[in-house]
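Enquirer: What follows is a predicted structure for the sequence shown.
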Amino acid sequence: MESQNEKPEIFIYTDGAARGNPGPGGFGIVLKSGSYRKEISQGYRLTTNNRMELMGVIVGIEALKIEHCKVTIYTDSKYVVDSVEKRWIFNWMKKDFKGKKNSDLWKRYIEISGHHFIKFVWVKGHSGLPENERCDNLAVAASFQPNLLEDKGYLIGN
């Protein structure tokens with residue numbers, strides 16, 4: 001079995017945006033590992049900022065093709081960072097997310113997060129970090145795209 005040190009180190013930068021809360025929204029992601037770089041974005045017709053922040057993290061992790069990587073996620077979302085780093089989501093999970101918003105996304109995060117060694121780094125939004133500024137631009141631009149997707153989890157009240 002390969003050790004953690006033999007796997008590539010991955011850096012995921014994410015941001016989410018909503019024009020209105022709720023309103024049209026999107027997420028932006030920049031994945032980096034060595035010389036590899038990939039950008040991902042998607043917009044939704046009706047969603048919230050927190051859902052887009054969390055969706056960016058999830059889609060970024062889901063884009064990884066190799067399991068058990070060391071992953072550092074940079075985000076300006078205190079909601080996401082605190083929920084994971086302060087282990088709130090595990091208490092929510094014990095209570096089956098009763099009364100918690102975004103349970104569909106948190107369950108999706110929990111399912112995929114165990115496949116990697118993940119660390120979160122909170123960054124101040126709009127502080128000039130190039131990759132996070134790029135993610136912000138991608139997220140906002142995605143929210144303006146034609147034919148936005150439906151955020152089914154938001155629509156059914158998760």
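Expert: Yep, it's here.

Enquirer: Can you verify Asn147 is assigned to a strand?
Expert: No. According to DSSP: H, G, I helix; E, B strand; the rest coil, Asn147 belongs to no strand; its state is coil.

Enquirer: contacting residues around it?
Expert: With contacts defined as Cβ atoms under 8 Å, 6 or more residues apart in numbering, Asn147 has no neighbours. (Glycine included, C-beta is placed from N, CA and C.)

Enquirer: how near is it to Arg45?
Expert: Separation of Asn147 from Arg45 (Cβ to Cβ, to the nearest Å) stands at 9 Å.

Enquirer: Let's verify the most centrally placed residue in the chain: helix, strand, or coil?
Expert: The residue lying closest to the centre of the chain (Cα atoms, centre = their mean) is Val57, at 1.6 Å. Taking three-state DSSP as the rule, one finds Val57 in the helix state.

Enquirer: Unless I'm misreading it, it sits right up against Ile110, doesn't it?
Expert: No. Val57 lies out of contact with Ile110 (Cβ atoms under 8 Å); the separation is 11.9 Å.

Enquirer: excluding its backbone neighbours, what's nearest Lys107?
Expert: For Lys107, ignoring the flanking residues on the chain, the nearest one in space by Cβ to Cβ, 6 or more residues apart in numbering is Phe97 at 7.2 Å.

Enquirer: I'd like the distance between that neighbour and Asp151.
Expert: 17 Å.

Enquirer: Pick out whichever of the two has more residues nearby.
Expert: Neighbour count, other Cβ atoms under 10 Å: between Phe97 and Asp151, Asp151 has more, with 24 against 17.
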